[in-house]
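K.L.:
only the shape, not the letters, is given here:
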């Protein structure tokens, strides 16, 4: 099997949520359990950390992995979706899985797995577990794909569970209230395994407390136990974000800096620090590893797409925020930047909160509407019509690249171009 054939099988032959939406979602763990059994339970060969949440789970996953690598552990990292290359989803010590491994894995297992009829994500999950076993990974950071309780990754029993926050995303599948969504994500909390909740949210925190109490799991709330002071608010938009982080009243990490420059990363760093402090009695992680990991996330794990600076004159910022909660933080940071004109390259997918997101964008910007090149991509004329109702004006373009090119051509060196609305828009630009 060639690499092209392998990708074609994964993308075209298997139901893939990020392309077709809810039709690809499996609401039980039967398939992944059957696949795991056929491969002699690869997930049981290494320790894990399990991370769920509406926003920030990708950032926290990469930060935790970067710290573990800096501490000397052979570290696996499983995340989704990817931006440029499918192999981004599966890494060991920052290096992507090889094409040859994927080719052999699909060729060897397709005949028997086809009887199970797995989804794209189930295939990807078991591929990651098998690869981590083959590479003799010591510990793997596993990000959930969607939800938690019924997510394919929930096969594992980790050393630590982390739930970053709860917002209105995938409500059609996870539930029509924040409590129901929280209950699904709380499904990763396992008996006797500590859990870190990133943000205290009055409406949903009792859901986590109740679930943890029912399985004798200790709960730590990062936003309550980690305090943040002395933030370097006068930095350039592309500069490292630095602050003092205190745990239980003691300043453990003065001047902790991250190469992930979005202001919203402060919450994610706090969640990561809380998780590391919980892990410290279990794993050998010194504070030097925390500083090194947080400061070099992009270099260590290859993480990108969050407040990514593509160029400086004009300043071009790309961010994958794709729901109102995440986008609000990004727009607030844009408001703090001095620029002459704001250009927004904007595309979305059909099943997101279009109105809730569009309300956050400023009227004074020039908009370049586009459709990401996936079946779930929102029709560009529908997007423009919805935007016009909120007095957001701009032209439509037949592709993301044409929209971005038009923005670059129109912008002066003192302007700001923001690219966003969907992970898949960012993927086509980066």
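P.N.:
Looks like it arrived, so ask away. Values in this document were obtained by computation on a predicted structure and should not be read as measured data.
K.L.:
residues contacting residue 36?
P.N.:
Contacts for residue 36 (C-beta atoms under 8 Å, 6 or more residues apart in numbering) come out as 42, 43, 126, 129, 155. Bear in mind the C-beta positions are built from the backbone N, C-alpha and C, glycine included.
K.L.:
and what of residue 309?
P.N.:
237, 238, 261, 315, 316, 317.
K.L.:
for it, which three-state class applies?
P.N.:
Look at residue 309: counting by DSSP: H, G, I helix; E, B strand; the rest coil, its state is strand.
K.L.:
check it and give its pLDDT.
P.N.:
pLDDT for residue 309: 95.
K.L.:
what does residue 428 give?
P.N.:
For residue 428, pLDDT reads 95.
K.L.:
rewinding a little: among the contacts of residue 309, which ones are buried?
P.N.:
Among these, the ones that count as buried by 16 or more other C-beta atoms under 10 Å are 237, 261, 315, 316, 317.
K.L.:
need the max-distance pair from those.
P.N.:
Maximum pairwise distance among the buried ones among the contacts of residue 309 (C-beta to C-beta): 13.4 Å, between 261 and 316.
K.L.:
contact partners for residue 39?
P.N.:
Residues near residue 39 by C-beta under 8 Å, 6+ apart: 109, 126, 129, 130.
K.L.:
following the least confident helix or strand in the chain by mean pLDDT, which helix or strand shows up next?
P.N.:
When each helix and strand of the chain is scored by mean pLDDT, DSSP states H and E, helix 17-20 comes last, with a mean of 57. Counting by DSSP states H and E, the element after helix 17-20 in chain order, helix or strand, is helix 30-38.
K.L.:
still on that earlier bit, would you turn the contacts of residue 36 into CSV with distance to residue 322 and pLDDT?
P.N.:
Formatted as CSV, the contacts of residue 36 follow (distance: C-beta to C-beta, whole Å; pLDDT from 0 to 100):
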residue, distance to residue 322, pLDDT
42, 31, 98
43, 29, 97
126, 27, 98
129, 27, 98
155, 27, 96
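K.L.:
closest one of those to residue 265?
P.N.:
Proximity of the contacts of residue 36 to residue 265 was ranked by C-beta to C-beta; the top entry is residue 129 with 28.7 Å.
K.L.:
which element is that closest one on?
P.N.:
For residue 129, the secondary-structure element it belongs to, assigned by DSSP H and E, is helix 120-134.
K.L.:
now for that helix, which elements pack on it?
P.N.:
In terms of contacts (3 or more C-beta pairs under 8 Å, 6 or more residues apart in numbering; DSSP states H and E), helix 120-134 is packed against helix 30-38, strand 75-78, strand 90-92, helix 99-113, strand 139-143.
K.L.:
save these as CSV, and put in distance to residue 357 too.
P.N.:
Output for the helices and strands packed on helix 120-134, formatted as CSV (distance: least, C-beta to C-beta, whole Å):
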stretch, distance to residue 357
helix 30-38, 32
strand 75-78, 28
strand 90-92, 30
helix 99-113, 34
strand 139-143, 23
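K.L.:
quick one: which of these is nearest residue 225?
P.N.:
Using C-beta to C-beta, the helices and strands packed on helix 120-134 put strand 139-143 closest to residue 225, at 21.1 Å.
K.L.:
tell me the angle of the closest one relative to helix 120-134?
P.N.:
If you take axes from the mean of the first three to the mean of the last three C-alpha atoms, to 10 degrees, strand 139-143 sits at 170 degrees to helix 120-134.
K.L.:
setting aside sequence neighbours, what's the nearest residue to residue 340?
P.N.:
Excluding the flanking residues, the one nearest residue 340 by C-beta to C-beta, 6 or more residues apart in numbering is residue 414, at 4.2 Å.
K.L.:
distance of the one you found from residue 403?
P.N.:
21 Å (C-beta to C-beta, to the nearest Å).
K.L.:
more neighbours, the two?
P.N.:
Shown here are residue 414 and residue 403; by other C-beta atoms under 10 Å, residue 403 has more neighbours (29 against 12).
K.L.:
that's a helix at that one, yeah?
P.N.:
Yes. Under three-state DSSP, residue 403 falls within a helix.
K.L.:
that one touches residue 345, doesn't it?
P.N.:
Yes. Counting by C-beta atoms under 8 Å, residue 403 does reach residue 345; the two are 4.9 Å apart.
K.L.:
which residues are common contacts for these two?
P.N.:
Shared contacts of residue 403 and residue 345, defined by C-beta under 8 Å, 6+ apart, are found at 368, 370.
K.L.:
surely residue 296 touches residue 67?
P.N.:
No. Contact criterion C-beta under 8 Å: residue 296 and residue 67 do not qualify, at 10.1 Å.
K.L.:
give me the more crowded residue out of the two.
P.N.:
residue 67 (27 against 16).
K.L.:
can you read off the pLDDT for the residue sitting nearest the centre point of the chain?
P.N.:
Centroid-nearest residue in the chain, with C-alpha atoms, centre = their mean: residue 58, separated by 2.8 Å. pLDDT, residue 58: 96.
K.L.:
number the residues from 470 up from this point.
P.N.:
New numbering, starting at 470: the last item is residue 527.
K.L.:
which residues of the protein score low on pLDDT?
P.N.:
Within the chain, the segments meeting pLDDT under 70 span 485-495, 638-642, 644.
K.L.:
could you point out the helix or strand that follows the longest strand anywhere in it?
P.N.:
For the chain, the strand that runs over the most residues, judged by DSSP state E, is strand 719-727. Once the chain leaves strand 719-727, the next helix or strand it forms, by DSSP H and E, is helix 734-748.
K.L.:
what's the angle from that following helix to strand 608-612?
P.N.:
In terms of direction (the same axes, to 10 degrees), helix 734-748 departs from strand 608-612 by 140 degrees.
K.L.:
distance from the chain centre to helix 734-748, please.
P.N.:
15 Å (C-alpha atoms, centre = their mean, to the nearest Å).
K.L.:
nearest to residue 890 among the buried ones among the contacts of residue 778?
P.N.:
Residue 890 has its nearest neighbour among those in residue 786, at 13.0 Å by C-beta to C-beta.
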